[in-house]
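# Need a 3D model of the sequence below.
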Amino acid sequence: MRAERAVARRYAEAVANVMADTGNYESADEQLQSFVNVMEQHRGMRGVIEDPSLSRTEKVKFIQEVCELLGLEETLQGLLLLLIQKERFGALADIARSYRRIYKERLGLLEVKVRSVIPLREDQLERISQLVHAMTGKTAEVKQVRDHSLLGGLIVQMGNTVLDGSIKNHLERIRRSLVRQQPKGERTV
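As a prediction, this is how the structure comes out:
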């Protein structure tokens, strides 16, 4: 699994390097995501690509036709054709995810997910963006998610870092604190 992610990252870095020359990071990301979505929605397409009875030439022709229909730029068409030739097409979704992380990293962007019970106002989201920028030096791309399991407060996730300011978490910390303080042998009812 780790080796597959390393391979996906290498392909994604190669695409990002080519896109750096043109500055079309976002366009390439949208096109990659579009292709991955089409593949997921039309499982028969994956079947064609994985069909051992079809030659590489037939698979390449099929991919070229799909690329033409979707209007994919040449760099991405080249990536897809290379994946067919190297029999690594199964890594495409990982490559697309890796590419998104790489290009956002290069542009100093950080995806931030904010979970809350109620929708936050624009000024609150802007304040979160400012705090994230102050903490990381990166520009926050804030995505708001409503989470009805929270009692109140919010949870901010930035990459692998989670800041949990929810009431649910606060109550859990109080509960753990009370359990630790409880003398042995006593039972709470």
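# shouldn't residue 7 be in contact with residue 91?
Yes - shown here, residue 7 and residue 91 form a contact pair, counting by CB atoms under 8 Å, at 6.0 Å. For every residue, glycine as well, the C-beta is placed using N, CA and C.
# So which of the two has more stuff around it?
residue 91 (20 against 16; other CB atoms under 10 Å).
# so what secondary structure elements neighbour the strand or helix carrying residue 60?
If you go by DSSP states H and E, residue 60 is part of helix 56-70. Packed against helix 56-70 by the contact rule (3 or more CB pairs under 8 Å, 6 or more residues apart in numbering; DSSP states H and E) you find helix 25-41, helix 43-50, helix 74-85.
# Number of residues surrounding residue 15?
23.
# domain parsing for the chain?
Following automatic domain parsing, the chain resolves into domains at 2-105, 108-181.
# Dump these into a markdown table; add mean pLDDT as well.
Below are these laid out as a markdown table (pLDDT from 0 to 100):
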| stretch | mean pLDDT |
| --- | --- |
| domain 2-105 | 90 |
| domain 108-181 | 90 |
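# Give me the contact list for the top helix by length along the chain.
Across the chain, the helix with the greatest residue count (assigned by DSSP state H) is helix 2-22. If you take CB atoms under 8 Å, 6 or more residues apart in numbering as the criterion, helix 2-22 is touched by 25, 28, 32, 75-76, 79, 83, 88, 91, 94-99, 101-103, 106.
# How far off centre is it?
Offset of helix 2-22 from its chain centre (CA atoms, centre = their mean, to the nearest Å): 15 Å.
# List the buried residues of it.
Neighbour-count burial for helix 2-22 flags 7-9, 11-12, 14-16, 18-19 (criterion: 16 or more other CB atoms under 10 Å).
# Over to stretch 154-165?
Neighbour count says stretch 154-165 has 154-158, 163-164 buried, by 16+ other CB under 10 Å.
# ok, now stretch 96-103?
Using 16+ other CB under 10 Å as the burial criterion, the residues of stretch 96-103 that qualify are 96-100, 102-103.
# any chance of these in TSV, plus distance to residue 41 and secondary structure?
Listed next are these as TSV, based on distance: CB to CB, whole Å; DSSP: H, G, I helix; E, B strand; the rest coil:
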residue	distance to residue 41	secondary structure
96	15	helix
97	17	helix
98	21	helix
99	20	helix
100	19	helix
102	25	helix
103	24	helix
